[in-house]
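*Asks:* here's a sequence, model it:
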Amino acid sequence: MILVWYLLNIYFNIYNKLVLKAVPFPYTITTFQFASGSFFITLMWLFNLHPKPRLSLQQYAKILPLALIHMMGNVFTNMSLGKVAVSFTHTIKAMEPFFSVLFSVLLLGQVFYFILSAPS
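*Replies:* Below is the predicted model:
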């Protein structure tokens, strides 16, 4: 499953690069991608293929900032794919785990012990 996810991500980024060459509007492409995802999950809910979550307003309020940050991450990825090589974008995205650990320490106070985290 991880291999499929990784391969689909590579295909997605390469195809995005091709689309951005033909249609150089990263905001429009990102909006279409999110609208497509919303459409398909709505169909899944309507046909009971996936349970619809029952969320309170407080839960929506907690999710909204994360959703906005995720959306901006996709916008910036699409902007990057439109401006630089796919390999460079992948190199930058590969640094995400480093910054996740750094910001977890700085913002959440979580300290990671790499010896304990390493696979045995």
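
*Asks:* which parts of the chain are helices?
*Replies:* With helices called from DSSP state H, the chain shows them at 2-22, 26-46, 57-83, 86-93, 96-103, 114-117.

*Asks:* rank those helices by pLDDT, which is bottom?
*Replies:* Note on the helices of the chain: lowest mean pLDDT is at helix 114-117, with a mean of 57.

*Asks:* circling back: let's have the helices of the chain in TSV, adding mean neighbour count.
*Replies:* C-betas here are computed from N, CA, C, even on glycine. Formatted as TSV, these follow (neighbours: other C-beta atoms under 10 Å):
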stretch	mean neighbour count
helix 2-22	12
helix 26-46	13
helix 57-83	13
helix 86-93	14
helix 96-103	11
helix 114-117	7
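
*Asks:* could you report the distance from L49 to F40?
*Replies:* According to C-beta to C-beta, to the nearest Å, L49 stands 10 Å off from F40.

*Asks:* try K62
*Replies:* 24 Å.

*Asks:* again with A61
*Replies:* As judged by C-beta to C-beta, A61 and F40 stand 25 Å apart.

*Asks:* what's the answer for Y27, then?
*Replies:* Taken as C-beta to C-beta, the span from Y27 to F40 is 21 Å.

*Asks:* how about T91?
*Replies:* In terms of C-beta to C-beta, T91 sits 31 Å off from F40.

*Asks:* kindly report the same for N9.
*Replies:* 18 Å.

*Asks:* N16 too?
*Replies:* Distance of N16 to F40, computed by C-beta to C-beta: 18 Å.

*Asks:* how about G73?
*Replies:* Applying C-beta to C-beta to G73 and F40 gives a distance of 20 Å.

*Asks:* same check on E96?
*Replies:* 26 Å.

*Asks:* kindly report the same for V86.
*Replies:* Applying C-beta to C-beta to V86 and F40 gives a distance of 25 Å.

*Asks:* what's the answer for K21, then?
*Replies:* 26 Å.

*Asks:* so who does the closest residue to N13 other than its chain neighbours touch?
*Replies:* Distances taken as C-beta to C-beta, 6 or more residues apart in numbering place V86 nearest to N13, at 5.3 Å, with adjacent residues excluded. Counting by C-beta atoms under 8 Å, 6 or more residues apart in numbering, V86 touches 13-14, 17.
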